[in-house]
Every structure is written in C-alpha cells, then in structure tokens.
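J.: Need a 3D model of the following:
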Amino acid sequence: MKPDLHRFPLLVAWEMTRACLLACQHCRASAVPDPLPGELTTEEGLALLRELATYTPKPILLPTGGDPLARPDLFLLLEEAWRLGIRVGLTPAVTPRLTREVVVRFRELGVHQMALSLDGATPEAHDGFRGVPGTFALALEALDWAQEVGLLTQVNTTVTRRTAKELPGIAEVLGQKRVATWEVFFLVPVGRGALLEQLSPEEYEEAMHLLYDLSRRYPFRVRTVEAPMFRRVVLERRRGGGEDGALVGEGRGVHLSDGYGFAFVSATGEVYPSGFLPLSAGNVRERPLLDIYRNSPLFLELRNRALLKGKCGVCEYRELCGGSRARAWAETGDHLAQDPRCAYQPQRPGRLSLGPAPGLA
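T.: Below you'll find the predicted structure:
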C-alpha cells in the first residue's frame, strides 16, 4: 500500500549532535568539536523513538550530525530503535571514532545501512574538502569493514563547482567497493556551505545527465538530495531511449521532498522540513513530531504544490519534481519560489501523471 505522506513521514532525520571532529567546507550544521548546549537528552531521544514506532508505516530513522558517534548514548539509542522495529540508516563521520569494532556493533544492533561521505576520488581531493588528512583512506577501509560483516553501505557526495569534476572517479571507487546506494547532494548555500560556489543552472543540468549515464554503467542505485529535477532527467532519458519512463522514488513508489514524507529534528529538538531548510515548524519538547508534521503551516504549505511560484508552479513536472524548496529559500528568502538552479523551461503547463515502476531517482 502506498503510504499517505500527508499523514506520516517516511524518513525522519535526527541530528543527534552538532559535535564533530571534522571541519568540512560544506557542512550544513557548521559542526563544532563539542555538543551544543541543550541537545536532546537520552530520555528525550528515547521518547522520540517511541513516538516514531507508533507511525503507520514506521519511518526509516536517519541519525546524523555532526557525528552520531560523538554521543555517548548512541548504542543505547540504536538498541532501542532495533527493539521497536525501526529501520536505521546511520551516517557516522569518518574520524578515529569509526573503527571496525564500531561497524560490527552497528551490524549487531540491526543498522540497515551505513552511509559515509566521499567528495573526491583521490585522497588529495577528498581530504582537502573534508579538512582532515586520512579521511579518504579511512572511509574506504570502513566500507571494506561493512562489506565483511554484511552491512549495506551508501556513499554521500556533495556537488559544488570544486567537486563536480570528481563524480566519474567517485563512481568508479563506489563500483569497486560494491556500494549499494550513491546519494548525491547538490549544494544548498547554508551553514559553511554558504561560502562555496554552486554550479550554474546549465551545469546542474549537465551534472544530472552525467549521473544518469553513470547510473547505467554501475550497479549501485543513484539518488539525489535537493535536486529533484534529476527525476525529470531520468524520465526524459528513458523515454528518449524507448524505455518505460515511469519512476520509483525514495521508496514504495513515492517521491519525497522537503516536508513531504521527510522531517528533520535538530540537535535541540527543532523540527525542520529538511536539514537544508532551517525554518522551524515547532519543537519536539513542546509538541509531538507528528502534530508538527501534520498541522504546522510550514509543512502544509510545502505539501501543497499549487502554492509553488514562478516556473515551478506551472511546470508539467510539478508533482514529480517541484524544485528544491531549500535552495529556493536559501537564494531568494522564499521557500515557495522557483528553484533558481533549474535550467528547464516548462513546455506544457499542468500536471504530468506518473505511475510507479521499478527504477531509480
């Protein structure tokens, strides 16, 4: 049964802490070495997990940061998620805290998938972007550990003007390491990422076509974050090649976006439509997450595609894509504005009807 994303989120990201030993140039969270004052306590974290377990269906939990390994209670929280039957996709930072023993423990506690970051195809490119020497080598070693213990892996890559040229090389590395999913984040200028240079709309389009070509060459699944126009590119390329043009999204035949099937809980309990759209709709210390998701004006606006402005509002791919709401906000101050990095010009204003079928995007 297709989930009702107006009633329940399918993915919930929890920024467990802002603490991290890295100094990544693009960091959305502007992470720092020590935890923020007022981060959710163990008991508050347990209460959040128990609420998630009541949803239908239970959402996938994405613990992120900062670095989740900086929380002393991480394994206790993972154990509770496992007991409650919540599937977990964990994103640890690649620091000396990430050891083989830790990866084994993830597997023992039922972590479904471990996601690591690679922003370059060589140590020089990746370590320079991440700010700490040795992270490239450790990331590859950690992927090997996961393979050894039977833990699925995902690699996250952030696309900026500096890293875009690394995409073919990164894909080759992922193919060698038998990674299951490549999640490609297109830079939103928030946090430290506000200092980095984005691609132009035309370069964005070229990058989408490159990702499609790479997805045909390698066995891993390609997924984009804050680049929903990739779904359009995949659809057009498939139809142009005489294939079935229907798409499946992030799961169960749906296409998630900021505030639609997705919610982000900050380290201090603020609820955002995504980590890249830091507009608070409420705090889990004051209201249940589900109440915020269902009833806050911000989330309700984001789930109503009829409110989109500019070319996003009249595009025939509005329901499939809708543009990046986080990028619209970051660059224009209006979360309903057209995506300023989309090069596509609508051809047939209206709604394009699409049915789910096996695929990617």
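J.: Just list what the strand of greatest length in the chain packs against, helices and strands only.
T.: Secondary structure of the chain per DSSP state E: the longest strand is strand 152-159. Under the contact criterion of 3 or more CB pairs under 8 Å, 6 or more residues apart in numbering; DSSP states H and E, strand 152-159 touches strand 113-117, helix 135-149, helix 167-176, strand 181-186. Where you see a C-beta, it was placed from the backbone N, CA and C, and this is true even at glycine.
J.: relative to strand 113-117, how tilted is that strand?
T.: If you take axes from the mean of the first three to the mean of the last three CA atoms, to 10 degrees, strand 152-159 sits at 30 degrees to strand 113-117.
J.: what's near enough to touch residue 82?
T.: 88, 109-110 (CB atoms under 8 Å, 6 or more residues apart in numbering).
J.: Can you tell me which of those residues is closest to residue 125?
T.: If you rank these by distance to residue 125 using CB to CB, residue 88 comes first, at 29.9 Å.
J.: Pretty sure that closest one sits against residue 61.
T.: Yes: counting by CB atoms under 8 Å, residue 61 is a contact partner of residue 88 at 5.0 Å.
J.: okay, and the common contacts of those two?
T.: With CB under 8 Å, 6+ apart as the test, residue 88 and residue 61 both reach residue 81.
J.: okay, these two: which has more neighbours?
T.: Between residue 88 and residue 61, residue 61 has the larger neighbour count (other CB atoms under 10 Å), namely 26 against 20.
J.: Correct me if wrong, but that one is in a strand.
T.: Yes: remark: residue 61 belongs to a strand, assigned using DSSP: H, G, I helix; E, B strand; the rest coil.
J.: Show the model's pLDDT score for it.
T.: What the model reports as pLDDT for residue 61 is 98.
J.: what's near enough to touch it?
T.: Residue 61 neighbours (CB under 8 Å, 6+ apart): 12, 14, 49, 52, 81, 86-89.
J.: Not counting residues beside it along the chain, what's closest to the residue nearest the centre of the chain?
T.: For the chain, the residue nearest the mean C-alpha position is residue 225 (5.2 Å; CA atoms, centre = their mean). Closest residue to residue 225 apart from its sequence neighbours, by CB to CB, 6 or more residues apart in numbering: residue 185 at 4.4 Å.
J.: Let me know the closest of the contacts of residue 82 to residue 299.
T.: residue 88 (23.3 Å).
J.: May I have the residues that are in contact with that closest one?
T.: 60-63, 78, 81-82, 110-112.
J.: I'd like the residues you listed as JSON lines, with distance to residue 237 appended.
T.: Shown next, in JSON lines, are the contacts of residue 88 (distance: CB to CB, whole Å):
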{"residue": "60", "distance to residue 237": "28"}
{"residue": "61", "distance to residue 237": "33"}
{"residue": "62", "distance to residue 237": "28"}
{"residue": "63", "distance to residue 237": "34"}
{"residue": "78", "distance to residue 237": "39"}
{"residue": "81", "distance to residue 237": "38"}
{"residue": "82", "distance to residue 237": "39"}
{"residue": "110", "distance to residue 237": "37"}
{"residue": "111", "distance to residue 237": "34"}
{"residue": "112", "distance to residue 237": "30"}
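J.: Fine, thanks again, bye for now.
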